[in-house]
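Visitor: sequence first, predicted coordinates after that:
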Amino acid sequence: MVTKKAIVMEGIDNVAIVVEPIEAPAEIVVEAASDKIVVHITDNIPFGHKFAIRDIPEGSLILKYGEPIGVARIDIKAGQHVHVHNLESKRGRGDQ
Amino acid sequence: MKFMGYRRTDGTVGIRNHVIIIPSVVCANRVARGISQLVTGTTWVEHQHGCTQLGADAALTRRVLVAHGTHPNVYGVVVVGLGCETLRAQDIAAEIKKTCPDKPVHLVIIQDEGGSVKAIAAGASAAREMVGGASSMERTPSDVAELILGTECGGSDACSGISANPALGVACDLLIDAGGSVILAETTELIGAEHLIAARAVSEQVAARCYDVIRRCEDSAKAMGVDMRGGQPTPGNIEGGLSSIEEKSLGCIYKAGTKPLQDVIDYAMPVTKKGLIWMDTPGQDIEQLTGMVAGGCQIVVFTTGRGTCCGSPIAPAIKVATNTAIFEKMKDNMDMNAGTIITGHESIPQVGKRILAEIVQVASGKLVRAESLGFNDFAIKRIGPSM
C-alpha cells in the first residue's frame, strides 16, 4: 500500500524526504503543494534522508516543513542527496 | 473520559501505587538497591549526587528527590542516607512528609543503623509494610483531566516529524480539550523552532520566555566552542537523516500539538496549570524524563525512530515507533507503531486517537514494556560543579 517514495512536507520546501530507499539513477515524481515535480535522482538516498527537488544555489536556505533547516554549503543540484556534507546548520555554532 | 486511578488525600490522582526507595546521596545507592531487591513490589532509584553540592545546584537535586517521593504515582517512600552528606536524608524525608502527611515515609541512615547490612534490613522491613498497604488499595474512576502527560522524543529520525510526533500532537490536543495538561520539554531540540511555539504563547511574557530559554541554551552550546552537530543532532540522528538541530527541532515540535502555550517553567518545577506547558529541560533523554516526572507528570509518551528502551521508575513511558522497521526490530521495547502513517495504512488523526486510547489504558493499570522489563532510569540535571 506504499503510495509514495518521497514526501514534500510544504509547498515552498526545496527538499523531499525519502520513505523508501532510492538507488540512483531514478526518476521520482514528488508532489509539492498541487504541483507534480519529476526529479532525476543522481545519488543513492537512504530511508529517511533528503534529496533536493530544485537546484539550491550555494548560500541559500534549505527549506523543510516550510522552515529553514540550514544553508547550502555548495551548489546543490535537483536530485542530489542533501545532508551534513552540503547543508550547513546556522544554530548553536560555537565554531564560527 | 475516565480512567481508573489512585486518589490521594492531597487531591492528586496517581496511575501507579509504587513504594520507592530513594537514596539522598550517591553513597547510599547500594543500600537503596539492596532494600528494593529484598522486597517484591518496590522500586528504587540510583544517582551520582547529594554531596558537596552548593546553592541552586544542591536545591535542584533536592527538589527532584523530594518530588519523586511526593509524586502521585507513589504510595510510600523509604529515604536512605549515609549520614554525613550535604542533602540530609532526614530533611528529604521530612519535606516529603510535610507535603504529603498521609503518605508512609521511612528514614534509614546507614551510619546510625550500624552499616549497610543492618540498614538494608531496617529499610526492607519498613518497605514490606508499605507494600502491604499499597497492594490493598483500590483504583477508583478518575477523569483524564487529572492527567499530566509528559511528551518526549528520543533517538529521533527523519520519520519522527512525519509520523509519531504529529500523531502525538493530535493526542495532546485531545487530552487538553478534555481538561488535562501536557508538558513539552527538551529545550535544545526546540532551537530553530522557537518562533513557532512562541507564536502560540498566551501572553507576551510567556513568548519572551520562550526566546529567553532558547538563547541561554544556545549560548551554553556555543560556549563549548564547537559545531553542536554530533552532540545535537547525535550521530544516530544524523544516520537517520537529520542534518541539523533546526531540522530535528522542527520535527520535534509537532508532538506539542496546536494548543496555546500557557507557561514556560524551570526544570523539575511543578506543573500547576492546565493545557500546554513548556518545561526547560536538556535534550538528554533521561534528564528530561526525570525532570518531567518531578514536575508531576504521571505518564509519558515517548516517540522514537532509532529505538530506545528507557523508562522512569515511577511513571510509565509509552514507546511509539516512528517507522515500522524499528517497531519490528525492537518489538520487545516498542508499545505502539506510528510507521503506519508512512506506509499509508493509517492517518495521523487515527494514530493520535490510538495513542490517547493507550494513555487511558496505561493510566488504568496496563503495564508498558519499559515497566515489565524493569527499566528505572533516573538522571538529574546539574547546574553547578561538585566541590
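Guide: Received, thanks.

Visitor: give the contact list for residue A:28.
Guide: Contacts for residue A:28 were tallied using Cβ atoms under 8 Å, 6 or more residues apart in numbering or on different chains; they are A:5, A:6, A:16, A:22, A:38, A:39, A:41, A:51. Glycine gets a C-beta too; all of them are placed from N, C-alpha and C.

Visitor: just send these back as JSON lines, with secondary structure, pLDDT and neighbour count too.
Guide: Listed next are the contacts of residue A:28 as JSON lines, based on DSSP: H, G, I helix; E, B strand; the rest coil; pLDDT from 0 to 100; neighbours: other Cβ atoms under 10 Å in any protein chain shown:
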{"residue": "A:5", "secondary structure": "coil", "pLDDT": "89", "neighbour count": "17"}
{"residue": "A:6", "secondary structure": "strand", "pLDDT": "94", "neighbour count": "22"}
{"residue": "A:16", "secondary structure": "strand", "pLDDT": "97", "neighbour count": "28"}
{"residue": "A:22", "secondary structure": "strand", "pLDDT": "95", "neighbour count": "23"}
{"residue": "A:38", "secondary structure": "strand", "pLDDT": "95", "neighbour count": "11"}
{"residue": "A:39", "secondary structure": "strand", "pLDDT": "96", "neighbour count": "20"}
{"residue": "A:41", "secondary structure": "strand", "pLDDT": "97", "neighbour count": "23"}
{"residue": "A:51", "secondary structure": "strand", "pLDDT": "98", "neighbour count": "27"}
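
Visitor: pretty sure residue B:103 is touching residue B:95, no?
Guide: No - contact between residue B:103 and residue B:95 fails when scored by Cβ atoms under 8 Å: they sit 11.6 Å apart.

Visitor: for the residue most central in space within chain A, which non-adjacent residue is closest in space?
Guide: Taking Cα atoms, centre = their mean as the criterion, residue A:15 is the residue nearest the geometric centre of chain A, at 2.6 Å. Distances taken as Cβ to Cβ, 6 or more residues apart in numbering or on different chains place residue A:50 nearest to residue A:15, at 4.2 Å, with adjacent residues excluded.

Visitor: and the one you found, what are its phi and psi?
Guide: phi -120, psi 150 (degrees, to the nearest 10).

Visitor: what's the pLDDT at it?
Guide: On pLDDT, residue A:50 comes in at 97.

Visitor: now for it, how many residues are close by?
Guide: Using other Cβ atoms under 10 Å in any protein chain shown, residue A:50 has 26 neighbouring residues.

Visitor: what's opposite it in the beta bridge?
Guide: residue A:17, residue A:82 (DSSP bridges).

Visitor: then residue B:320?
Guide: Going by DSSP bridges, residue B:320 forms beta bridges with residue B:303, residue B:336.

Visitor: contact partners for it?
Guide: B:164, B:167-168, B:301-304, B:334-338, B:355.

Visitor: against residue B:164, how distant is the closest residue to chain A within the stretch 51-200 of chain B?
Guide: Residue nearest to chain A within the stretch 51-200 of chain B (Cβ to the nearest Cβ): residue B:158, separated by 3.5 Å. Separation of residue B:158 from residue B:164 (Cβ to Cβ, to the nearest Å): 12 Å.

Visitor: anything in contact with each of those two?
Guide: With Cβ under 8 Å, 6+ apart as the test, residue B:158 and residue B:164 both reach residue B:305.

Visitor: more neighbours: these two, which one.
Guide: Ranked by neighbour count (other Cβ under 10 Å), residue B:158 and residue B:164 place residue B:164 first, with 35 against 28.

Visitor: what pLDDT does that one get?
Guide: pLDDT, residue B:164: 97.

Visitor: what does chain A have sitting close to chain B?
Guide: A:1-4, A:7, A:9, A:17-19, A:46-50, A:64-65, A:67-70, A:82-84, A:87-96 (Cβ under 8 Å from any Cβ of the partner chain).

Visitor: where along chain A do the strands fall?
Guide: Assigned by DSSP state E, chain A shows strands spanning A:6-7, A:15-18, A:26-32, A:35-41, A:50-52, A:61-64, A:67-72, A:81-82, A:87-88.

Visitor: how about the ones you listed, which one is nearest residue B:204?
Guide: Taking Cβ to Cβ, strand A:67-72 is the member of the strands of chain A nearest to residue B:204, at 22.6 Å.

Visitor: pull that closest one out as CSV, backbone CA atoms only.
Guide: The C-alpha coordinates for strand A:67-72 follow below in CSV (Å, rounded to 0.1, in the frame of the first residue of the first chain):
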residue,chain,number,x,y,z
GLU,A,67,11.0,26.4,7.5
PRO,A,68,14.8,26.8,7.2
ILE,A,69,16.8,23.8,8.3
GLY,A,70,20.1,25.2,7.2
VAL,A,71,22.0,26.8,4.3
ALA,A,72,23.6,25.2,1.2
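
Visitor: mind giving me the packing neighbours of it?
Guide: Under the contact criterion of 3 or more Cβ pairs under 8 Å, 6 or more residues apart in numbering or on different chains; DSSP states H and E, strand A:67-72 touches strand A:61-64, strand A:87-88, helix B:245-252.

Visitor: neighbouring strands for the shortest one, and are they parallel or not?
Guide: Its sheet considered, strand A:87-88 pairs with strand A:67-72 (antiparallel) by DSSP bridges.

Visitor: the partner strand vs helix B:245-252, what angle?
Guide: Strand A:67-72 runs at 160 degrees relative to helix B:245-252, counting by axes from the mean of the first three to the mean of the last three Cα atoms, to 10 degrees.

Visitor: quick one: residues in contact with strand A:67-72.
Guide: Here strand A:67-72 makes contact (Cβ under 8 Å, 6+ apart) with A:15, A:56-63, A:86-90, B:192-193, B:196, B:243-244, B:246-247, B:250.

Visitor: and those residues, which are buried?
Guide: Burial by neighbour count, 16 or more other Cβ atoms under 10 Å in any protein chain shown: within the contacts of strand A:67-72 this picks out A:15, A:56, A:62-63, A:86-89, B:192-193, B:196, B:243-244, B:246-247, B:250.

Visitor: most widely separated two among the residues you listed?
Guide: A:86 and B:196 (25.4 Å).

Visitor: make sure residue B:56 is actually in contact with residue B:384.
Guide: Yes - the pair residue B:56 / residue B:384 is scored as a contact, 6.9 Å apart, by Cβ under 8 Å.

Visitor: higher neighbour count, the two?
Guide: A direct count of neighbours by other Cβ under 10 Å for residue B:56 and residue B:384 places residue B:384 higher, at 14 against 10.

Visitor: how about the contacts made by the more buried one?
Guide: Listed by Cβ under 8 Å, 6+ apart, the contact set of residue B:384 reads B:53, B:54, B:55, B:56, B:57, B:58.

Visitor: distance of the closest residue to residue B:23 other than its chain neighbours from chain A?
Guide: Leaving aside its chain neighbours, residue B:23 sits nearest to residue B:32 (4.2 Å; criterion: Cβ to Cβ, 6+ apart). According to Cβ to the nearest Cβ, to the nearest Å, residue B:32 stands 37 Å off from chain A.

Visitor: quick check: residue B:141 is in a strand.
Guide: Yes - assessed with DSSP: H, G, I helix; E, B strand; the rest coil, residue B:141 lies in a strand.

Visitor: burial count for the closest residue to it other than its chain neighbours?
Guide: Distances taken as Cβ to Cβ, 6+ apart put residue B:2 closest to residue B:141, at 4.8 Å, once the chain neighbours are dropped. Neighbourhood size, residue B:2 [other Cβ under 10 Å]: 14.
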